[in-house]
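Student: Structure here, sequence nowhere to be found:
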């Protein structure tokens, strides 16, 4: 697959009202002139859909240091059938996208599934996390959790540390689940979260935190008796080492169906865990007819230190009609504020741009940007069918960065990963 790099500068054209040559483009791709495409870069994608780059909606897959983007793709060329294990691991290929649109593949490491990348802009450090398979007998679910630390300076990036966070000898049971996620706080402390359950469904939500000042990993996990179902795809947002939020979805397969009918939160504050259902449809009539009803789609720490959680529910008669719930954990008390809006969205993310909150959403065909208070669509673009979106933003900037990874299996081999920088039009 050939790499394609396209840098588009349309500030004058779109923000000034455009010229005739762009009228057709603007009519089909933009609702108005709030955001414009500042840059657009495509880069390599996985060969096979199964275990491809798109997998893992709960993961961190795009970060930024200054104007340099760090991301990755999964090279699964050697995958046999749908299996990537110790004998034929996938490769997590680390990608740097420079401000001029140049893509640099600067390293790769063994993995079975997509992983996570986080960045510390204050120290110019980039961390990549992946599960390296350790068994030849399974599909790659058994593995050791690895962290690779890179130092970045003057466009040069160097591996400075390779560390086993959780070791594994390749035999059952698993010690780390493939559906893990990672984050970093404003001080540079790290957190990794994953779920593990035993045959009796004594449930454990693991959180490992890394203190950047003393270099120590600490386990801060919660164990729940009688939950009966595993809760997987956890996503974490962290204020500091003593304050973080994890959100996970029911992921229970039984008699050929996999049930996603509730979302739970796990809040850690000063050594104490609080956990409860956030959305629960288990006792609704529709639950007996449709196993897949809800999932979280964003866990975000806002600039005002409040946690934001988005869930997407498929509870209407038509599965294309979906309900998005926006939960805000008040920073000063335990109250959880809930608002909602409707749409056909598969995934919805949150970005903050120039002191405003926006939703970045995708359905099967289009990318949308919605106003954070009015829920009205202010941007619409047909960029990729069946995309999985991953975002990074900063409240002080007048732009945000977006990774779209192809998730539509029928056209998978024909579509690259796509990075965009979307900026606010200047008045």
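Tutor: Arrived safely, thanks for sending. All figures in this text were calculated on a predicted structure; none of them were measured in a lab.
Student: mind listing what residue 64 touches?
Tutor: 70, 119, 121, 392, 401 (C-beta atoms under 8 Å, 6 or more residues apart in numbering). Any C-beta I mention is one placed from the backbone N, CA and C, and that applies to glycine too.
Student: Which two among these are spaced furthest apart?
Tutor: 121 and 401 (13.1 Å; C-beta to C-beta).
Student: With neighbour numbers in mind, choose between these two.
Tutor: The neighbour comparison of residue 121 against residue 401 (other C-beta atoms under 10 Å) goes to residue 401, with 24 against 17.
Student: Point me to the helix or strand that includes that one.
Tutor: strand 399-406 (DSSP states H and E).
Student: about what we covered before: could you provide the contacts of residue 64 in TSV, with additional columns for pLDDT?
Tutor: Below are those laid out as TSV (pLDDT from 0 to 100):
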residue	pLDDT
70	98
119	98
121	97
392	98
401	98
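Student: Closest one of those to residue 307?
Tutor: The closest of the contacts of residue 64, once distances to residue 307 are taken by C-beta to C-beta, is residue 392, at 17.5 Å.
Student: Give the other helices and strands that the host helix or strand of the closest one contacts.
Tutor: Using DSSP H and E, residue 392 falls within strand 387-393. On a contact count with 3 or more C-beta pairs under 8 Å, 6 or more residues apart in numbering; DSSP states H and E, strand 387-393 meets strand 347-353, strand 356-362, strand 399-406.
Student: from the ones you listed, which stretch is densest packed?
Tutor: strand 399-406 (a mean of 24; mean count of other C-beta atoms under 10 Å).
Student: which non-adjacent residue is nearest residue 387?
Tutor: In space, and not counting its chain neighbours, residue 387 is closest to residue 404: 4.2 Å by C-beta to C-beta, 6 or more residues apart in numbering.
Student: Next one, pLDDT for the one you found please.
Tutor: Residue 404 is assigned 98 on the pLDDT scale.
Student: Report the beta-bridge partner residues of it.
Tutor: residue 389, residue 418 (DSSP bridges).
Student: Going forward, count from 162.
Tutor: Okay, using 162 as the starting number, the last item reads as residue 565.
Student: need the contact list for it.
Tutor: With C-beta under 8 Å, 6+ apart, residue 565 has these contacts: 523, 528, 544-545, 548-550, 578-581.
Student: Between these, which sits nearest residue 514?
Tutor: residue 581 (13.5 Å).
Student: Looks like that closest one contacts residue 200 (just checking).
Tutor: Yes - at 6.9 Å, residue 581 counts as touching residue 200 under the criterion of C-beta atoms under 8 Å.
Student: what's near enough to touch residue 249?
Tutor: So residue 249 contacts 239-241 (C-beta under 8 Å, 6+ apart).
Student: about what we covered before: would you turn the helices and strands packed on strand 548-554 into CSV with distance to residue 372?
Tutor: Shown next, in CSV, are those (distance: least, C-beta to C-beta, whole Å):
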stretch, distance to residue 372
strand 508-514, 27
strand 517-523, 30
strand 560-567, 28
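Student: Tell me which of these lies nearest to residue 246.
Tutor: strand 560-567 (23.0 Å).
Student: distance between the closest one and the chain's centre?
Tutor: 11 Å (C-alpha atoms, centre = their mean, to the nearest Å).
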